[in-house]
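S.K.: Make a model of this:
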Amino acid sequence: MAFHRYAVLTAFATFVLVIAGGLVTSTDSGLAVPDWPLSYGMWFPPMVGGIFYEHGHRMIAATVGLMILALAARLWKVERRRWVRRLAYSALAAVIAQGLLGGLTVLWLLPPQISIAHACLGQSLFCLVVCLAISTAPAWTESPEPLVHPRVVLLRRASLSVAVIAFIQLILGAVIRHTGAGVGAHVAGAAALVVASGWCAALLSQHRRHARELWGHAIRLLLLLGGQLLVGLSVFLHRADVMLRTAHVAMGALVLVQAVVLAWLIVRSSGIRYRFKNRANHQAVSDTGIASAYFELTKPRLTAMVLVTTAAGFWLGSAGPERWAQLCAVLFGTALVAGGANALNEWMERSEDALMQRTRMRPIPSGRLPAERARRFGLLLVAGGLMWLVVMVNALAATLAALSAASYLLLYTPLKRRTPLCTLAGAIPGALPPVIGWAAARQTLGLEAWALFLLLFVWQLPHFLAIAVLYREDYAQAGYRMLPVTEPDGRMTARQTVLYGLVLVPISLFPSMIGLAGPWYFYGALALSLGFLAVAMRAAWRRSMRNAQLLFRSSILYLPALLGLLVWNQGWR
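M.R.: Residues are numbered from 1 along each chain as shown. Take a look at the predicted model:
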């Protein structure tokens, strides 16, 4: 009981921290203290003017961090429920990240992207600590009373939609607070949140006798929403009022927490069991297995390669001290879009994956995830990533990311079962990430961006052909019409491999010809491309699995080496 009270106290302290952060931004005190972690080189500077708000915020944040550290340490020692311990570890990681983001906002003079992320993470931390306080209550059990409701699936979806809309509202509110843009979207989001919350409450009202606790949470959410709308209107009418603006932030945090808690309790009491059919038997999948399956669904290695090429494009196109803030924003959004597209690709190809040795243990064909959940997960990631890129980066980068996902899912994926030309189609989405990075940095496209696109496009062709040779039997079993599958002797594959290797030589030198890189890159790219061409010619001349494997590994080493050389020789602008 005492430990639960400590968790509640920690949640209250975190709410005070949210209020303190709101006061800092409402009074424009973010740069009242120009250094970090000290304040004017002191632990306790004179608490006057904006220093009172900024340094006070830091002191409260340090206190909350220590309280969460003690909470996590205690749970690690005595808590038997693994998911509760992980919740505590997540809160600890969040408060550390929050401190680092706070420091970066000061050192980099309040870049909007970092400031927005700082605001969103602060309220997310509040949600985590509140969930910890609830889960440590004595009445909390691993097996809750089942929710008796005839439309339980619809209720669950309604509650989850409320939580998602509330979080989107948090992002939009932070964007308005730090950039002044997005007021219309925020108002529309408020209307959507009221409608979704009313829908959820209406579903619960029909059976509130069997779900009194949930009904109480729904009513509290509606009351908080009403208060938040009144405060928001007051802020609109009196924009300079510090207390009203701070109250709007605090009320928003309470609305978000109430929405998350309501959704969590409904999902928990609606009888979800992670059991899926797996061939002839049924196997239980733990929470860890579920998280791992969702992560695997995003094809982490492929997504990592996308992020590397995106970062290279951004670095080559960017200039100025704030490049790190914008880079983090574009990488996060691109990771969501790429991971979601990969998940949707696995959903679309689940039948074929079940037939191939190399893919039969993927989450869907192995039975670790149902297809419908994988589809919803992929759609959510893509939609969230595109929205993030529009709000936090720019519309051009978001459009290119949408084009990449669409060409991957609507062009390359269906063509794999129809024509060997699918390799050319598949090279389009793979070549767009550096262009996305360039667009994020420049907000426009030039010859340099298309040079990066062409480089990635041509590199992928021998890379794809090497993969198709290595897994020819698997592809044939699944009905994929890759070139090595459609022609038995491999001569056309060999000729195309050499052709693409030859074309890659001048294409790799093109960045130095247009001024994107200097002479060091020219000579390094020439050596790398000629070496890769030699490997391609060897694979074509002596067609064997060993040489195909060598070509594949060489392509994996070639690209990061070439991009690294390009970034290094280009240097800071």
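S.K.: Show the low-confidence segments of this structure, by residue range.
M.R.: Applying pLDDT under 70 to the chain flags residues 1, 141-151, 206-210, 270-289, 319-322, 570-573.
S.K.: domain ranges for it?
M.R.: Taking automatic domain parsing as the criterion, the chain consists of the domains 1-142, 149-272, 296-445, 459-573.
S.K.: now the ones you listed as TSV including distance to Leu452 and mean neighbour count?
M.R.: Using the backbone N, CA and C atoms, a C-beta is placed for each residue, glycine as well. Formatted as TSV, the domains of the chain follow (distance: least, CB to CB, whole Å; neighbours: other CB atoms under 10 Å):
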stretch	distance to Leu452	mean neighbour count
domain 1-142	23	18
domain 149-272	29	18
domain 296-445	4	20
domain 459-573	8	18
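S.K.: Spatially central, which residue of the protein would that be?
M.R.: Nearest residue to the geometric centre of the chain (CA atoms, centre = their mean): Leu336, 4.1 Å.
S.K.: Relative to Gly524, how far out is it?
M.R.: From Leu336 across to Gly524, the span is 33 Å (CB to CB, to the nearest Å).
S.K.: packing partners for the helix or strand where Ser197 lies?
M.R.: Per DSSP states H and E, Ser197 falls inside helix 183-205. Applying 3 or more CB pairs under 8 Å, 6 or more residues apart in numbering; DSSP states H and E, one finds that helix 183-205 contacts helix 152-179, helix 212-237, helix 242-269.
S.K.: I'd like to know which of these is closest to Val503.
M.R.: helix 152-179 (43.6 Å; CB to CB).
S.K.: Residues contacting whichever strand or helix holds Leu509, please?
M.R.: Under the criterion DSSP H and E, the helix or strand holding Leu509 is helix 491-513. Here helix 491-513 makes contact (CB atoms under 8 Å, 6 or more residues apart in numbering) with 448, 451-452, 454-455, 458-459, 461-462, 465-466, 468-469, 483-484, 487, 517-519, 521-522, 525-526, 528-530, 532-533, 536-537, 539-541, 543, 551, 562, 566.
S.K.: elements contacting the helix or strand just after it?
M.R.: Later in the chain than helix 491-513, the nearest helix or strand by DSSP H and E is helix 519-541. Applying 3+ CB pairs under 8 Å, 6+ apart, one finds that helix 519-541 makes contact with helix 447-470, helix 491-513, helix 545-570.
S.K.: Dump the C-alpha coordinates for the shortest one into CSV.
M.R.: Spelled out, that is helix 491-513. Provided in CSV are the C-alpha atoms of helix 491-513 (Å, rounded to 0.1, in the frame of the first residue of the first chain):
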residue,chain,number,x,y,z
ARG,A,491,22.7,-16.3,-69.2
MET,A,492,20.4,-13.3,-69.3
THR,A,493,20.8,-12.8,-65.6
ALA,A,494,24.6,-12.8,-66.0
ARG,A,495,24.5,-10.3,-68.9
GLN,A,496,22.3,-7.9,-67.0
THR,A,497,24.4,-8.2,-63.9
VAL,A,498,27.5,-7.1,-65.9
LEU,A,499,25.5,-4.4,-67.7
TYR,A,500,24.3,-2.8,-64.4
GLY,A,501,27.8,-3.1,-63.0
LEU,A,502,29.2,-1.2,-66.0
VAL,A,503,26.5,1.5,-65.8
LEU,A,504,27.1,1.9,-62.1
VAL,A,505,30.7,3.1,-62.7
PRO,A,506,29.9,6.5,-64.5
ILE,A,507,26.7,6.9,-62.3
SER,A,508,28.8,6.7,-59.1
LEU,A,509,31.1,9.4,-60.5
PHE,A,510,28.3,11.8,-61.4
PRO,A,511,28.1,13.5,-57.9
SER,A,512,31.6,14.8,-58.3
MET,A,513,30.9,16.0,-61.8
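S.K.: That one: how far from the chain's middle?
M.R.: Taking the mean of its C-alpha atoms, helix 491-513 sits 34 Å from the chain's own mean (CA atoms, centre = their mean, to the nearest Å).
S.K.: quick thing: my sequence starts at 25, can you match it?
M.R.: In the new numbering, first residue 25, that becomes helix 515-537.
S.K.: So which residues make contact with stretch 494-502?
M.R.: Applying CB under 8 Å, 6+ apart, the set of residues contacting stretch 494-502 from outside is 376-377, 379-383, 492, 506, 508-509, 569, 572-573, 576.
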